[in-house]
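Visitor: Following is a predicted model, sequence given first.
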Amino acid sequence: MATTLSTPPSDTSAPKRSAGRPARRRGELRFVLACLLPALVLFVLFMVVPTVNVFRMSFFTWSGFSPDMRFVGFDNFVKLFDDQQFVRAFQNTVALLVVVTVVTMGSGLFLAAIMTRQRLRGRNLYRFVLYIPNVLSVVVIAAIFSAVYDQQNGLLNGTLRLLSLDGLQQVWLGDQDLVLWSVAISMVWQSLGYYMVLYMSSMASIPEELYEASGLDGASTTRQFFAITLPLIWQNLRTTLTFFVMSAVNLSFVLVRAMTGGGPDGSSEVLLSYMYKQAYTNSSYGYGMAIGVVIFAFSFLVSLLVSRATRREPLQF
Amino acid sequence: MVKIPGAVSACPQTRPVRTVPSLAPRWADVHGKVTRTMRRSFVLAGAAAAVIGLLAGCGADGGASDSGKTTLSVAALEGGYGRDMYNQVIQAYETAHPDVDVQLQISKSIEDEITPNMKAGRYPDLVVLGQGRKAALTETLVKDKAVEDLSSVLQANVPGESTTVGAKLIDGTVGNLNTNPYGDDKTYLMPMYYAPTGLVYNQGLFEEKGWDVPATWDEMWALGDKAKKDGIALFTYPTAGYLDSFFFALLADVGGDQFYNDVMTYKQGVWQTPQAKQALDIAAKLLSYAAPTTVGYANEQDFTKNQQSILDNKALFMPNGTWIVGEMADAPRAEGFKWGLMPLPAAGEGGKRYIATSVESVWVPAAAKNKDAAKEFIAYLYSDEAAKIFAKSNAVQPIKGIVSSLSGENAEFYKVYDDPSVTALVGGFASTAPVPGVDIKATLFDTANSIISGDKTEDQWQAALNDASEKLRQAGS
């Protein structure tokens, strides 16, 4: 790569006044390219090559070490449809994505609106408190929520007992119907503050006159939210939604791995944790990569759909 | 704003410089072609150097030896025994073999550290790592036939002694599926440490209540009912994965050696036999006696809470191994608590009782550079000198006569082998080519969580096992 760039073009040997300009351009270009080269090489080496490899590997069976890789075409993908555990992990991922996205975005917007519009006392403190979880490492969050969900001395069951609501006590991480929702709650807790702060900042930039004028026209706070606030931060909302879908896929993996290990009996398995298990613990690297391709396609598709479905004419103030 | 005289005159000097890139060619124009080319190659060289520098950080490797010494790289799992004993053994070895330089790499997650290098073709010469770990590195290499045949080590003399390695080993510790994973007479994994894994309980509680340790399953159920009246559950497990030793021993107890091997080698229809049904019946019944908190705590974060229930006299038995003593050393416990370990109750009156024995292995990757030096080092690991160092850290090697030198809880635990009706059971499921989506260990153990919670029935369990076993059988043949 470097050698082709360093060969001097022939026309620079006879510098003419008229040829000076393009030659200089070329020189500039070369300088820029040379500056970009290190970053570009690293990007290709550590981003592009592995991504392409994921796609390539999904057509092979390979244990991860041996020199013999066998090409099996689409076999790995066909097997996915028969794999109950994969279907379950897929369902869990979709359920988490939908529920966590809706709840996080909804309550993030709601809280941001209250804090910016209602001039809540002590809102800086609330903002601080709600933002803290985002700074914590996910493993710490897993430990915190294990303590919250503890069936005997946990915060949740302890509080229920204190309120004499003993009947509502649950084995939050042991009940196969509940465990996924327990994971969802901790995911919301983790990301709520971040998105709230994002929305607060974009809401704060909406000119006050718009609210004053609509207030004079007799618009209620709710009406103001839907007619002024929401349309004006819509572009911001779209961007965060796309980000969130991507990050939720990753976050669910780390949280599930640290908190439940996919259990009990695979009931909280998500796509990425199942991919990890297949690729590494079950020595089916190619199969794991096929799952990786599905995840890639799935997050790509969801992001595209979200982006398409939320497209509006951008409004300016 | 206050205007500072002279500030204006400083400005014009910098004004022509608009952007950095446009400055570069202009400067080159002035100095002509030679300097331009030089400068260009200088920039490119700089860029190349930056790339190489960045990449070099990923490939640092100290494998080569330049002083004529053989560098033997040893990778070991830092288990409950600590790392000190390895340092001492290596020091002793290096003193006796001045021409060998042993490089030790030891970590609690050694797989994560050596795997990237192995994928890049840089293999350690010797690995001390057992099977049954989450990363399953040993299993993966065995499946790949990427482990060196170590049969010759058994015939070799222990350095400095007149006996062979094979003669020093306790009978039955080699030649099983754990050491000879392909079921032939070639040994690929040398047994390094061995430890009994059975049902762990509180001896103090049994003495206090005047209960006898059950010898048959009928006595076990009777004890379970009795304990229930006192608010004590009969059984718990840390996580479902700990049921491995339980199921292996149960299958062998119920069906004998031949049946056990059939299950482990995925014989066709083996899970539909009456013996398999009997084993699952016993397991399901025992799980119905499980402490109610078991499933909720059976995860990576909370498993010690299940272990704690033994210390608190809330549950009687759990499957576990000798490491439990160290793991729960600082935990609070009931008064008069004393660790005990028993094999599974016999399937019938006077039946043979197996005790699952976990064996950590030492092996040599087939792609290692210094295989001969590694084999010699392995032979040394079984010398009296090394064994004494290991035993000081409670790492017990399968060497004849070593048990008599143990003390404390360890002596208590290893006593299970004294009972003539008890036989050591080594090894687990045979290796096959990996089958995507099929993990028979998960099917056998993790389903216990669903059996307790009622999400799956015993019949579904049996059907799933039969299905997984059949798929693995087809992959194996």
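Guide: Thanks, I have the structure now. Numbering: from 1, shown residues only, chains lettered A, B, ... in the order given.

Visitor: What would the helix or strand that contains B:Asn449 look like as CSV? C-alpha coordinates only.
Guide: Per DSSP states H and E, B:Asn449 falls inside helix B:447-453. Output in CSV follows, covering the C-alpha atoms of helix B:447-453 (Å, rounded to 0.1, in the frame of the first residue of the first chain):
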residue,chain,number,x,y,z
THR,B,447,-32.8,-29.1,33.2
ALA,B,448,-32.7,-29.7,37.0
ASN,B,449,-33.7,-26.1,37.4
SER,B,450,-36.8,-26.7,35.3
ILE,B,451,-37.6,-29.9,37.1
ILE,B,452,-37.7,-28.2,40.5
SER,B,453,-39.8,-25.3,39.2
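
Visitor: Can you pull out the residues in contact with stretch B:407-426?
Guide: Here stretch B:407-426 makes contact (CB atoms under 8 Å, 6 or more residues apart in numbering or on different chains) with B:172-173, B:176-179, B:191, B:194-196, B:198, B:248-249, B:252, B:260, B:322, B:325, B:339-343, B:346, B:350-357, B:359, B:394, B:396, B:403, B:406. All C-beta spots, glycine's among them, are computed from the backbone N, C-alpha and C.

Visitor: redo that, cut-off 7 Å
Guide: Stretch B:407-426 has contacts (CB atoms under 7 Å, 6 or more residues apart in numbering or on different chains) with B:172-173, B:176, B:178, B:196, B:198, B:248-249, B:252, B:322, B:325, B:339-343, B:352-357, B:359, B:394, B:396, B:403, B:406.

Visitor: Mark which of those are buried, thanks.
Guide: Taking 16 or more other CB atoms under 10 Å in any protein chain shown as the criterion, what is buried in these is B:173, B:176, B:178, B:196, B:198, B:248-249, B:252, B:322, B:325, B:339-343, B:353-357, B:359, B:394, B:396, B:403, B:406.

Visitor: What about these, which are in helices?
Guide: Here DSSP state H is the test, and the buried ones among the contacts of stretch B:407-426 give B:248-249, B:252, B:325 as lying in helices.

Visitor: Going by distance to chain A, which of the residues you listed wins?
Guide: Distances from chain A to those, taken as CB to the nearest CB, are shortest for B:Phe248 (18.9 Å).

Visitor: I figured that closest one hits B:Ala356, correct?
Guide: Yes - using CB atoms under 7 Å, B:Phe248 makes contact with B:Ala356 at a distance of 4.7 Å.

Visitor: Might you enumerate the residues of the stretch 101-250 of chain A proximal to chain B?
Guide: A:142-143, A:146, A:151-152, A:171, A:173-174, A:176 (CB under 7 Å from any CB of the partner chain).

Visitor: which secondary structure elements does the helix or strand containing B:Tyr193 contact?
Guide: Element membership of B:Tyr193, judged by DSSP H and E, is strand B:190-202. In terms of contacts (3 or more CB pairs under 7 Å, 6 or more residues apart in numbering or on different chains; DSSP states H and E), strand B:190-202 is packed against helix B:303-311, strand B:315-321, strand B:339-342, strand B:353-363.

Visitor: Also compute the angle for the longest one relative to strand B:315-321, please.
Guide: Comparing the axes of strand B:353-363 and strand B:315-321 via axes from the mean of the first three to the mean of the last three CA atoms, to 10 degrees yields an angle of 30 degrees.

Visitor: now the angle from strand B:353-363 to strand B:190-202?
Guide: Strand B:353-363 runs at 140 degrees relative to strand B:190-202, counting by the same axes, to 10 degrees.

Visitor: just to revisit the earlier point, what's the mean pLDDT across the helix holding B:Asn449?
Guide: Average pLDDT, helix B:447-453: 93.

Visitor: residues in contact with the helix or strand following it?
Guide: Next along the chain after helix B:447-453, taking DSSP H and E as the criterion, comes helix B:458-476. The contact list for helix B:458-476 (CB under 7 Å, 6+ apart) reads B:266, B:268, B:270-272, B:277, B:280, B:284, B:430, B:432-433, B:435, B:438, B:440, B:443-444, B:447, B:451.

Visitor: Out of the residues you listed, which end up buried?
Guide: B:266, B:270-271, B:280, B:284, B:430, B:432-433, B:435, B:438, B:440, B:443-444, B:447, B:451.

Visitor: List the ones among those residues that fall in helices.
Guide: Of the positions in the buried ones among the contacts of helix B:458-476, B:280, B:284, B:440, B:443-444, B:447, B:451 sit in helices, assigned by DSSP H.

Visitor: Name the nearest of those relative to B:Glu139.
Guide: Lowest distance from B:Glu139 to those (CB to CB) belongs to B:Ile440, with 12.2 Å.

Visitor: Report the separation between the residue nearest to that closest one when sequence neighbours are not counted and B:Leu280.
Guide: Among residues not flanking B:Ile440 along the chain, B:Ala468 sits closest, at 4.4 Å (CB to CB, 6 or more residues apart in numbering or on different chains). Plainly put, B:Ala468 is 14 Å away from B:Leu280 if you go by CB to CB, to the nearest Å.

Visitor: Now stretch A:237-252: average pLDDT?
Guide: Averaged across stretch A:237-252, the pLDDT comes to 89.

Visitor: what's downstream of the one helix or strand A:Val245 maps to, the next helix or strand?
Guide: Secondary structure assigned from DSSP H and E places A:Val245 in helix A:234-259. For helix A:234-259, the following helix or strand on the C-terminal side (DSSP H and E) is helix A:271-276.

Visitor: Does chain B have contacts with that following helix?
Guide: No - applying CB under 7 Å from any CB, one finds helix A:271-276 separated from chain B by no less than 9.2 Å.

Visitor: So, low pLDDT: which residues of the chain?
Guide: Went with chain A since none was named. When residues are selected by pLDDT under 70, those of chain A lie in A:1-21, A:65-67, A:317.

Visitor: Chain B is the one I meant
Guide: Across chain B, the ranges flagged by pLDDT under 70 are B:1-67, B:477.

Visitor: centroid residue for it?
Guide: Centroid-nearest residue in chain B: B:Arg133, 3.5 Å away (criterion: CA atoms, centre = their mean).

Visitor: okay, now A:Leu111: neighbour count?
Guide: 22 (other CB atoms under 10 Å in any protein chain shown).

Visitor: where's it, which helix or strand?
Guide: In the assignment (DSSP H and E), A:Leu111 maps to helix A:84-117.

Visitor: residue contacts, the closest residue to chain A within chain B?
Guide: Using CB to the nearest CB, the single residue of chain B nearest to chain A is B:Gly296, 2.8 Å away. With contacts defined as CB under 7 Å, 6+ apart, the neighbours of B:Gly296 are A:151, A:171, A:173-174.

Visitor: pretty sure B:Asn394 is touching B:Gly79, no?
Guide: No - with contact taken as CB under 7 Å, B:Asn394 and B:Gly79 are classed as non-touching, separated by 10.3 Å.

Visitor: pretty sure B:Phe429 contacts B:Asp262?
Guide: No - in this structure, B:Phe429 is not within contact of B:Asp262 by CB under 7 Å, at 11.7 Å.
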